[in-house]
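1. build the 3D model from these lines:
(chains A, B, C and D)
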Protein chains: 2
Amino acid sequence: MTKNNSTSIERKVTASDVAQRAGVSKWTVSRAFTEGASISPNALARVLKAADELGYRPNLLARSLSKKRTNMVGLVVDELDNPNIFLVLDEMTRQLQRRGYMSMLLNITAEHSYGSALSLADQFQVDGLIFLGTVLTDELVRLAQEIRHIPLIVMYRNSDNPDIQVVSTDGHRAGREIANLFVEQGFRRIGYMLGPSSESTQLKRLDGFRDGLGEHGLSVCTLLPAGHYRRDCGFAALNHYLDSTPEQDRIEALFCENDILAIGALDALRKRSETVQLAIVGFDDIELAASPSYELTTYRQPLETLVTEVIRRLTGQNAGDMRRFLVPGKLILRSSHLRRE
Amino acid sequence: MTKNNSTSIERKVTASDVAQRAGVSKWTVSRAFTEGASISPNALARVLKAADELGYRPNLLARSLSKKRTNMVGLVVDELDNPNIFLVLDEMTRQLQRRGYMSMLLNITAEHSYGSALSLADQFQVDGLIFLGTVLTDELVRLAQEIRHIPLIVMYRNSDNPDIQVVSTDGHRAGREIANLFVEQGFRRIGYMLGPSSESTQLKRLDGFRDGLGEHGLSVCTLLPAGHYRRDCGFAALNHYLDSTPEQDRIEALFCENDILAIGALDALRKRSETVQLAIVGFDDIELAASPSYELTTYRQPLETLVTEVIRRLTGQNAGDMRRFLVPGKLILRSSHLRRE
DNA sequence: CGAACATTTGCAACCGGGTGCAATCATTGG
DNA sequence: CCAATGATTGCACCCGGTTGCAAATGTTCG
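-> As a prediction, this is how the structure comes out:
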C-alpha cells in the first residue's frame, strides 16, 4: 500500500473519494471490490490504483447493512479454564480469518450474562453462533433461538434439539475404545470421573464406555463426579474417593471425562503418601498430557476436521441434511493407562 | 420478552415497525433507545411496550454507521498456547461485555496473517486494538498504525513506541523481587530462562533481575533461551543445559520468564535419572502452578486492575497523559524456589 | 452499414439507524 | 386569556456501501 502522506489523519477514505480520483462513479468502485461483478478491465485497474493510492478499504459494516451477511460469527464459550478450548479457539479463529470471517468471543462464564451476551451478538447481527464446548442449557438454547434465524452449531458436544447442528467427535465410540483398552489390560473394577452432569450427558462418552464394558460382562462400578472441568476438581474428587474407600475395594482403572480432570486425578495419586495402583485415561490430548509428569493416555479429537465442518455448515454448504456430524478420534497411548509397577 | 407468535420467521424487526405499532415516528423510537434523549414518559412507555411485543433490538451496525463508534475492539493474540492468555481473555471479554463492547479475536499466530488480520479489523471499524501478550514487532506496529487513529494498547508487555499505550505489570520490579528471593535463599549461581528474544526485551523482567542480583554483587551467570513460551521448549532448554553442563558448574536457581517455561523446566528435572538441585521460579501464576506436581513459586500479575485500566484507556478516559501504566504484582511462594532436600 | 445482442456504467432507492433543525404541543405567568 | 418559554416530535438528509434497472457503449454478423 502506497504511503498516503497528505491526509492520513483525516477521516476514513470512502468509495466516493476513490471514485472521484479514478474518474468513475462510486458504484463502479463498489463493483471493483465485488467478486464477479461486471466491470471493464480498464475501469478495474483505474479503481484499484486509486484505491491503493488513497489507502481505501471498504467499510464492511456499511456493506453488511445492505447484504444480508455480516461475516461475523459468535464463538460462545463458557469454560475458559479448560485448556482444551485453546486448541479449538486457535484453529477456529485461524480458519475463520482465512475466509474473511471475524470471530466475536462471547463469554458466558458468569451465569447472569447468558442473556446479555446473546443479545449483544444479536444486535451485532452475527451470521451464526458456534458453541465451543459449552453447556447447552435449555435456557441458553431458548435465548439463542430468539435471534432471527441463523445457524446454531455446537461443537464438541451433542444435543437433541432439532434446531441445533452437532459437529463432534463420536463420544460413544471413543468410550467403547477406552473400555476395550482397559479390558485388554485386564482391569475389572473400573470407574468413570464425570464433569458437570448436564454436560456429561451431551458427550456420550459414558454411554459408550458403559456399553463397551458391558460387552465384556463388566460395568462401571464407580462414578466420581467432579463438578467442573478443572484440575483442582479432579484432584478433590479422586482424593475424596481414595479417602473414603478401603484399598481392597478400590477401582483399578479410571476414565476421566477430559484431560484436565485426569491430570487432577494424577496429581491426587502423586500427592498421597501411600502408593495407589490406578490406571488413568483422559480425553482431548491437551499439550500437558504429553508432559513427563503425567504421560497421560488420552483420546485426541480430530480438531481440524471438526472446525472445517463447522465452517462449511456456517457458510450454508451443509451437504445433505444431516443434522449431526460425528467422526471418530484417535487413541493416544502413553503410559498412564498401564498397570503401575 | 413477550412471545411473538405471528412473524418469528420474518425478517428483523426494525425501528419503523416499532414506530408504527406504537403510533409514533421512527425517530421517536430511536430516541427511546438513546440514553438521555428528549422523549416524553408517555411515548417512551408506548415505544418500549411495542418494542417488547415485537422483540425489537436496535441494529448496532446501522447505528455504528452514523455514530463514530462501533463498540467493537480487536483482541490481538499470538500465543494461544500459553495458558496465561486464558486468564486474560476471560477477564477481558467479561469486562468488555459488561460495558456493551464486543471482543473480536484476532489470531496472528501464522506469520503471514499479520496484515490480513489487522486489515480485517480495520474494515470492521474496530474502536481500538488491544495486544494481549503479543510480540510487538515493528512490522505489526506499522500495520496497526495504518488504521485510522484508534487507541493501540499493549497489555502485559512494554513498548517504546510513542503511539502505543502500555498497561502492564512492573517487570523490572518483579525481577528484582525474585532476585532478592534467591539471594535470601543463599543461592549464588543463578540463571534465567527467556522466551522469544524480541519479547523478552519488552518484559523488563530480566533487566530487573539483573539489577536485583547486582545489588548483592551477583550476576546472571547463565541465560537459557527457550525459543517459545511452550512447555516443551522450556523442557528442552533445561534438558540441553543439564546435558551439557557438569554438575559442579551448574546453576543453583533459575528464574523462568513465565510459568509454562518453568513447568517445562520442572518436568525436565523430574525426567532426569539423577537428582538435580535446582530452585525454580516462574511468572504469571497460572492455575497449574498450584498443582502438587509442581508447587511452583511464581509472580501473580494484577489482572483485574490491568484489564480495568485497559478499558479505561480504550474508552478515552485516560486520566492524565501517562502513556505507561505499570503496577506491581505479587510474589506467590510455594516450594519450587526452595533448596531441595 | 445497421440491426441485434452483450458489456459497462450511471442512477434512484434502500439497508436501519442517527443528527440538527424546525414545527408542534404543553406549561407558565403576566 | 394569550404570549412566552421549554419540552416533544417530525422531517430531510446523512453514514458508506449495495441492488435492480435502464441508458450508454461496444461488438458481432448478415
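2. can you show me the strands along chain A?
-> With DSSP state E applied, chain A shows strands at A:72-77, A:102-107, A:128-132, A:152-155, A:165-169, A:190-194, A:220-225, A:253-256, A:279-281, A:298-300, A:324-327, A:330-332, listed in chain order.
3. mean neighbour count, those: which tops it?
-> Ranked by mean neighbour count, the strands of chain A are led by strand A:253-256 with a mean of 29 (mean count of other Cβ atoms under 10 Å in any protein chain shown). Every C-beta, even on glycine, is put in place using the N, C-alpha and C of the backbone.
4. and DNA strand C, which of the strands of chain A is closest to it?
-> Taking Cβ to the nearest atom of the strand, strand A:72-77 is the member of these nearest to DNA strand C, at 15.0 Å.
5. partners of the closest one in the sheet?
-> Within its sheet, strand A:72-77 is paired with strand A:102-107 (parallel), strand A:128-132 (parallel), according to DSSP bridges.
6. put together TSV for the strands of chain A, with distance to DNA strand C and mean pLDDT on each row.
-> TSV is the format used below for the strands of chain A (distance: least, Cβ to the nearest atom of the strand, whole Å; pLDDT from 0 to 100):
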stretch	distance to DNA strand C	mean pLDDT
strand A:72-77	15	95
strand A:102-107	19	95
strand A:128-132	18	94
strand A:152-155	21	93
strand A:165-169	25	94
strand A:190-194	44	96
strand A:220-225	45	95
strand A:253-256	47	97
strand A:279-281	51	97
strand A:298-300	44	97
strand A:324-327	32	93
strand A:330-332	46	97
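7. what would the ones you listed look like in a markdown table with distance to DNA strand D?
-> Formatted as a markdown table, these follow (distance: least, Cβ to the nearest atom of the strand, whole Å):
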| stretch | distance to DNA strand D |
| --- | --- |
| strand A:72-77 | 15 |
| strand A:102-107 | 16 |
| strand A:128-132 | 19 |
| strand A:152-155 | 25 |
| strand A:165-169 | 26 |
| strand A:190-194 | 49 |
| strand A:220-225 | 52 |
| strand A:253-256 | 50 |
| strand A:279-281 | 52 |
| strand A:298-300 | 41 |
| strand A:324-327 | 30 |
| strand A:330-332 | 43 |
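8. okay if I get these as TSV plus distance to residue B:76?
-> Below are the strands of chain A laid out as TSV (distance: least, Cβ to Cβ, whole Å):
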stretch	distance to residue B:76
strand A:72-77	16
strand A:102-107	12
strand A:128-132	20
strand A:152-155	24
strand A:165-169	27
strand A:190-194	37
strand A:220-225	39
strand A:253-256	34
strand A:279-281	37
strand A:298-300	29
strand A:324-327	31
strand A:330-332	32
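9. for those, which one sits closest to residue B:114?
-> Residue B:114 lies closest to strand A:102-107 among the strands of chain A, at 16.1 Å (Cβ to Cβ).
10. dump the C-alpha coordinates for the closest one into CSV.
-> Provided in CSV are the C-alpha atoms of strand A:102-107 (Å, rounded to 0.1, in the frame of the first residue of the first chain):
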residue,chain,number,x,y,z
MET,A,102,-14.5,-12.2,12.1
SER,A,103,-14.7,-14.1,15.4
MET,A,104,-16.6,-12.5,18.2
LEU,A,105,-15.9,-14.0,21.5
LEU,A,106,-19.0,-14.4,23.7
ASN,A,107,-18.0,-15.3,27.3
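11. return the distance of stretch A:174-186 from the chain's centre.
-> Relative to its chain's centre, stretch A:174-186 lies at 26 Å (Cα atoms, centre = their mean, to the nearest Å).
12. now the helices for chain A?
-> Ranges of helices in chain A, per DSSP state H, are A:15-22, A:26-32, A:41-54, A:60-66, A:84-98, A:113-123, A:138-146, A:171-184, A:197-203, A:205-214, A:231-244, A:259-271, A:303-314.
13. now do the longest one against helix A:259-271, angle only.
-> Here the directions of helix A:84-98 and helix A:259-271 differ by 150 degrees (axes from the mean of the first three to the mean of the last three Cα atoms, to 10 degrees).
14. reformat the strands paired with strand A:72-77 as JSON lines; add distance to residue B:190.
-> Converted to JSON lines, those look like this (distance: least, Cβ to Cβ, whole Å):
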{"stretch": "strand A:102-107", "distance to residue B:190": "40"}
{"stretch": "strand A:128-132", "distance to residue B:190": "42"}
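15. related to what we said a few turns ago, let's have the helices of chain A in CSV, adding mean neighbour count.
-> Shown next, in CSV, are the helices of chain A (neighbours: other Cβ atoms under 10 Å in any protein chain shown):
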stretch, mean neighbour count
helix A:15-22, 19
helix A:26-32, 19
helix A:41-54, 16
helix A:60-66, 17
helix A:84-98, 21
helix A:113-123, 20
helix A:138-146, 16
helix A:171-184, 21
helix A:197-203, 17
helix A:205-214, 20
helix A:231-244, 19
helix A:259-271, 25
helix A:303-314, 19
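16. can I get those in a markdown table with distance to residue B:212?
-> Shown next, in a markdown table, are the helices of chain A (distance: least, Cβ to Cβ, whole Å):
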| stretch | distance to residue B:212 |
| --- | --- |
| helix A:15-22 | 55 |
| helix A:26-32 | 59 |
| helix A:41-54 | 51 |
| helix A:60-66 | 49 |
| helix A:84-98 | 33 |
| helix A:113-123 | 42 |
| helix A:138-146 | 50 |
| helix A:171-184 | 50 |
| helix A:197-203 | 46 |
| helix A:205-214 | 50 |
| helix A:231-244 | 32 |
| helix A:259-271 | 32 |
| helix A:303-314 | 43 |
